[in-house]
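[1] sequence first, predicted coordinates after that:
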Amino acid sequence: MKKLRLAYFGTPDYSATFLEKIYNDTSLPIEIALVVTQQDKIVGKNSTPTPNAVKSFAKAHTIDVAHSLSGFDCSYRGIDIAFLFAYGKIIKPDLLRAPKFGFWNLHPSMLPNFRGAAPTVYPLILGKDQTGVSLTVMDDDLDHGPIIDQVGYRIQPTLLNNELLTQLTAIGYDLFAKHIVRLANGEINYAELPVQNHASATFTRTLKRDDGRIELS
């Protein structure tokens, strides 16, 4: 089986955990051709540029890293598929169609529920007892594309957000591993994938510091 050349898009720690799983799983029919992640952040008293966890892992394992999407040249690198997990930036429509098999996205909710930037926080805030993970083919709108597969997850009452992210990342990896093999074997037809029920979609937004303030009466 010919390996698919993959471009990985991600930024935070839990996305680096996912990238590490892909890198270490030699049974997968892929090779990581490129990592695309956000720029180094300025931190500390000395304003030191500090790479995120995804970039640090890629550099430690001699994987090419790009910060600008202008450097994402599919034909030059022979990229077959791009995979996005918590990248944190919008991908332009023309770029979504550049790889042979487009972009896949792993979203930690049962889409179309909780589209957007904070899909694990809102179910906890709202006291929901169910969430899940969705693997989709990306289209021009946010978290809107057809569904490759989904797995539900029951939220325990005492679960914290970082714990939920850890659990959903592990479930999401199993989803990715299962279906990337199917893609490599020619077993996935995008035209046959179910579309989301867009009329029932719910949305989240990026949380700010003030969202944590509680008015005392």
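    Now that the structure is in, tell me what you want to look at. Residues are numbered from 1 along each chain as shown.
[2] which residue packs closest to Phe103, ignoring adjacent ones?
    Taking C-beta to C-beta, 6 or more residues apart in numbering as the measure, Phe103 lies nearest to Met138, with 4.0 Å between them; neighbours along the chain are not counted. No exception for glycine: its C-beta is placed from N, CA and C like everyone else's.
[3] and the one you found, backbone torsions?
    Comment: the main-chain dihedrals of Met138 come out as phi -70, psi 140, following degrees, to the nearest 10.
[4] what sits against it?
    Applying C-beta atoms under 8 Å, 6 or more residues apart in numbering, we find Met138 in contact with 84, 91, 96, 102-105, 145.
[5] where does it land on pLDDT?
    Confidence at Met138, expressed as pLDDT, is 98.
[6] ok, it to Phe85 distance?
    Taking C-beta to C-beta, to the nearest Å as the criterion, Met138 is separated from Phe85 by 12 Å.
[7] could you pull out the strands for the chain?
    Applying DSSP state E to the chain gives strands spanning 4-9, 30-36, 41-43, 48-50, 65-66, 81-84, 103-107, 130-137, 147-154.
[8] turn these into a markdown table, columns for mean neighbour count.
    What follows is these, written out as a markdown table (neighbours: other C-beta atoms under 10 Å):
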| stretch | mean neighbour count |
| --- | --- |
| strand 4-9 | 23 |
| strand 30-36 | 20 |
| strand 41-43 | 10 |
| strand 48-50 | 10 |
| strand 65-66 | 18 |
| strand 81-84 | 24 |
| strand 103-107 | 24 |
| strand 130-137 | 21 |
| strand 147-154 | 16 |
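[9] between these, which gets the lowest average pLDDT?
    For the strands of the chain, mean pLDDT drops lowest on strand 41-43, to a mean of 80.
[10] geometric centre of this structure: which residue is closest?
    A centroid search over the chain (C-alpha atoms, centre = their mean) returns Phe85, at 1.3 Å, as the residue closest to the centre.
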